[in-house]
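Undergrad: Turn this into a structure:
(one chain, ligands or ions: 2)
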Amino acid sequence: MAFNYRRIIIKVGSNVITRPDGLPDNERISHLVNQIADIKKQGIEVILVSSGAVASGRSLISVSEKNNAVATRQLLASIGQVKLINTYSQLFERFGILCSQVLVTKEDFRDRLHYLNMRNCLEILLQHHVIPVINENDVVSVTELMFTDNDELAGLIASMLSAEALIVLTNVNGIYNGDPKLAISSVLTEINDNEIDFASFVSSGKSQFGRGGMITKTTIAQKVAKLGIAVHIANGTTDNILTDVIAGKALHTRFVANKKASGKKKWIAHAETAATGVVKINDGAKTALFSAKASSLLPVGIIDVQTDFKKGDVIKIVDEHNKALGIGIAEYGSEKARDYAGQKKQRALIHYDYLYLQR
Ligand SMILES: Nc1ncnc2c1ncn2[C@@H]1O[C@H](COP(=O)(O)OP(=O)(O)O)[C@@H](O)[C@H]1O
Ligand SMILES: N[C@@H](CCC(=O)OP(=O)(O)O)C(=O)O
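TA: Ligands and ions are numbered 1, 2, ... in the order given. I've put the predicted structure just below:
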């Protein structure tokens with residue numbers, strides 16, 4: 001059965017567009033562009049999140065092993081991104097399609113003004129039938145300022161633009177119920193259940209040029225699907241994969257979009273300016289919220305209720321250094337929250353279904 005999407009995000013991993021010898025796979029990139037042009041012709045808006053800057057840079061310059069790893073990555077990405085975007089630009093041009101370069105950092109999602117600027121920019125590009133080609137700005141995002149990987153970035157873009165689907169292209173046919181290299185393992189075609197413990201059968205190993213690995217893909221896919229956006233994980237090295245996924249003909253993994261909580265979560269995700277209260281949480285609570293499991297904010301991890309709020313208000317969560325972590329809807333008011341703060345076995349202040357994390 002074909003999927004009837006109007007706006008999709010396509011994420012292409014480094015492995016898909018890099019040959020085993022580390023050089024960019026121009027034939028593969030060209031084949032993907034052909035399919036995107038076809039999809040666009042079907043009236044679907046496409047936003048491309050493409051990795052490959054570092055890999056591209058590696059094909060242009062050789063760097064001594066002695067150099068600092070961060071500086072090397074900056075150097076390779078800075079050179080490689082130019083080549084990557086030029087390749088896309090030339091290939092799209094054959095179809096009379098304009099593409100644009102959008103480089104972003106994690107900070108752009110934290111700051112409301114940056115967030116809105118970025119959203120407005122992407123919307124205006126789409127209105128003008130341009131395909132935005134997004135990548136992390138690897139030149140300035142280093143260490144803790146980095147996204148886990150471009151899967152995380154693609155997930156944030158999908159929710160920011162209220163896309164109907166996110167297609168993640170990697171170098172395996174989807175998520176296997178065991179080691180993908182073993183004949184007994186098979187692809188999980190449909191995932192509807194948010195409680196699956198992927199860590200029990202997905203190994204933490206990464207592919208040759210990948211950054212996050214399959215575990216982070218599953219975590220992000222679950223979060224995005226919970227927001228009401230379908231996530232497809234498919235093999236970008238298979239011919240016609242994009243058009244076949246959309247036509248419902250490809251073997252791959254699909255995380256079914258949650259229909260119920262979606263409207264609310266998406267609204268919360270964009271409701272930061274409406275936030276009244278602020279609660280500060282400790283590191284343990286922070287780890288729990290950002291773990292793969294769907295966790296609600298429990299009073300035991302609250303160390304301070306900084307401003308007053310009522311039940312049903314949108315409130316902000318900050319860490320011990322006052323860094324914004326997310327927003328959600330309060331299940332009860334600030335008075336009760338102050339009474340419960342630090343106590344075990346109390347009712348969640350923010351239920352997971354009404355929680356939006358900004359990372
Ligand atoms: N159960 C599993 N199902 C699918 N892939 C898995 C599994 N366990 C580990 N992997 C590995 O995850 C890799 C893909 O993740 P990643 O390296 O992040 O790719 P990308 O560069 O596309 O983001 C695959 O090459 C595969 O070897
Ligand atoms: N921004 C980096 C890619 C980082 C990344 O997440 O890569 P991948 O795991 O292959 O999607 C680059 O362009 O090289």
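Undergrad: Can you list the neighbours in contact with stretch 278-296?
TA: The contact list for stretch 278-296 (C-beta atoms under 8 Å, 6 or more residues apart in numbering) reads 194-195, 197-199, 215, 218-219, 222, 226, 297-298, 300-307, 315-320, 322, 325-326, 337, 348-352, 355, 357, 359. (Glycine included, C-beta is placed from N, CA and C.)
Undergrad: what about residue 188, neighbour count?
TA: Neighbour count for residue 188, taken as other C-beta atoms under 10 Å: 19.
Undergrad: Quick check, it in contact with residue 178.
TA: No - judged on C-beta atoms under 8 Å, residue 188 makes no contact with residue 178 at a distance of 10.4 Å.
Undergrad: Could you pull up the contacting residues of residue 76?
TA: Counting by C-beta under 8 Å, 6+ apart, residue 76 has contacts 53-54, 56-58, 61, 63.
Undergrad: Rebuild those as a markdown table, extending it with neighbour count, distance to ligand 1 and pLDDT.
TA: Output for the contacts of residue 76, formatted as a markdown table (neighbours: other C-beta atoms under 10 Å; distance: C-beta to the nearest ligand atom, whole Å; pLDDT from 0 to 100):
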| residue | neighbour count | distance to ligand 1 | pLDDT |
| --- | --- | --- | --- |
| 53 | 26 | 13 | 95 |
| 54 | 24 | 11 | 91 |
| 56 | 26 | 14 | 93 |
| 57 | 25 | 16 | 94 |
| 58 | 20 | 15 | 90 |
| 61 | 11 | 22 | 93 |
| 63 | 13 | 21 | 89 |
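Undergrad: Need the phi and psi values for the residue nearest to residue 67 when sequence neighbours are not counted.
TA: Spatial nearest neighbour of residue 67, chain neighbours left out: residue 75 (7.8 Å); criterion: C-beta to C-beta, 6 or more residues apart in numbering. Dihedral pair for residue 75: phi -60, psi -50, per degrees, to the nearest 10.
Undergrad: Confirm for me that residue 75 is in contact with residue 62.
TA: No - using C-beta under 8 Å, residue 75 makes no contact with residue 62, being 11.0 Å away.
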